[in-house]
Each structure stands twice: as structure tokens, then as C-alpha cells.
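A.B. asks: Quick one: sequence plus predicted model below, questions after.
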Amino acid sequence: MNPDLGTSLITSLNAVITARREMTEDTSFWSKTKDFFGKKELAKQLESSLTSLRTQGYIPQDFLEHQINWNDIKWPMDACVDFGFTFEHMLTMGFQPHHFKQLEWRHYKQLNINAERMMQTGIAIHDLNQLPLTPQQLHQLKWTWANFVTIGGNNDNINFSTEDKQLYFNQTTVQSQKVGRFLF
């Protein structure tokens, strides 16, 4: 009977990862020099899988320390979330409005993204209109009519039905009053 090396291997790899993450800071001259010259090391490994980076002891904070831009991240969003990236990491790494196209609805929930956090990226109404989000989903993300106006929205460029505007965003159309021949 052969021993089950798969479980033991996974256990040992997880122990190595944990040990690397919990290492105390080495303040020796060699350590400082190695860190100075090693900054490009992670950037050279961006073609690797996140799993292999994890086994080498990398964590999302390493991407921040090495100033990796979110544009350089080519892994699927599910892999990034599993690796431990948070929306704060993504913002620090330069997450822009066009990057929201990489997200599916479940990612908004997993990363705790709401209207306020989306607006931190500098999103404009035209960027928001390009996302495959329904009025119901935008309402769940706490978008308000005032938020839409803040990012350049108005009745003409927000592509929702009048019923959806009223139901989800309390947007009422101004009723015109007719006085004589003039419409006010």
C-alpha cells in the first residue's frame, strides 16, 4: 500500500506558506540589499500562476509593495479573489472604471463593492452604462439618483425605463404646468 503523498504535500506546502508569511523582519544589511534589488523579482513572475506565486509565499500586499499596476494583472477575477485581493488592494494598484468590465455580479458581492466605492475610481455615467448591471443590481449596490447626477447622469443619458427610475431611484419627472399658451 502506497502512502497518500497528496494530502501530506498540500499540508507541507501550506505550512511553508504560513511560515513565510509569519517570518520576522530581518534587518541585516544583506536583507535590506536583497529587498532593494529584489523589487523586480515579482514583476518578472507575473506570467506565473497565482497558485505558484502563493507557494513561493507571495500575498496581495507584495503586489502593493512592488508597485504592480492592476493593468498588469492578467489572471481571471475568480483567481484574484481566491488569492486574497480585496477592492482596497485593487484601488491601490490603479483599478480604473474600465476594469469593472472584468467583474461579474458575484464579484461585487465578494469584494463588497458599492456605489460609493465604485465612485472612488472616477467612474462616469458612460462607463456605468457600459456595465451589464440592471437597475435592480445598481439599487442593491446603493446607487441613488444623486450618485448618477454626481457622475454626469441625467434623464437623457441614464438608460432605464421611467418605471425603473421611479421604483429604484425615487426619480420623479417634473410635471409641466400650462399657463395660457406657455408651457412651464
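C.D. replies: Nice, I can see it. Residues are numbered from 1 along each chain as shown.

A.B. asks: Quick check: E41 vs H66, distance?
C.D. replies: When C-beta to C-beta, to the nearest Å is applied, the distance between E41 and H66 equals 8 Å. In this view, the C-beta of every residue, glycine as well, is placed from N, C-alpha and C.

A.B. asks: K142 now?
C.D. replies: 33 Å.

A.B. asks: who's in contact with the residue nearest to H98 when sequence neighbours are not counted?
C.D. replies: Across the structure, with C-beta to C-beta, 6 or more residues apart in numbering as the measure, the residue nearest H98 apart from its sequence neighbours is D127 (6.9 Å). If you count contacts by C-beta atoms under 8 Å, 6 or more residues apart in numbering, D127 has them with 97-98, 100.

A.B. asks: So for K142 and H66, which residue has more residues nearby?
C.D. replies: Applying other C-beta atoms under 10 Å to K142 and H66 shows that H66 carries more neighbours, namely 15 against 12.

A.B. asks: The closest residue in space to the more buried one that isn't next to it in sequence is in what secondary structure piece?
C.D. replies: Sequence neighbours aside, L42 is the residue nearest to H66 in space, at 4.4 Å (criterion: C-beta to C-beta, 6+ apart). Element membership of L42, judged by DSSP states H and E, is helix 39-44.

A.B. asks: Would you write a PyMOL line that selects the buried entries of the contacts of D127?
C.D. replies: Command for PyMOL that selects the buried part of the contacts of D127, burial taken from 16 or more other C-beta atoms under 10 Å:
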select buried, resi 97+100
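
A.B. asks: Pick the one among the contacts of D127 closest to T11.
C.D. replies: The shortest distance between T11 and any of these, using C-beta to C-beta, involves F100 and amounts to 38.0 Å.

A.B. asks: Just the pLDDT for that closest one.
C.D. replies: Model confidence at F100, expressed as pLDDT, equals 97.

A.B. asks: and if you look at L13?
C.D. replies: pLDDT, L13: 69.

A.B. asks: Kindly report the domain assignment for this structure.
C.D. replies: Listed by automatic domain parsing, the domain ranges of the chain are 38-95, 103-172.

A.B. asks: what's near enough to touch the closest residue to I158 other than its chain neighbours?
C.D. replies: In space, and not counting its chain neighbours, I158 is closest to F148: 5.7 Å by C-beta to C-beta, 6+ apart. The neighbourhood of F148, defined by C-beta under 8 Å, 6+ apart, consists of 125, 128, 158, 169.

A.B. asks: Next, give phi and psi for F148.
C.D. replies: phi -60, psi -40 (degrees, to the nearest 10).

A.B. asks: how near is it to A43?
C.D. replies: 38 Å.

A.B. asks: All set, thanks.
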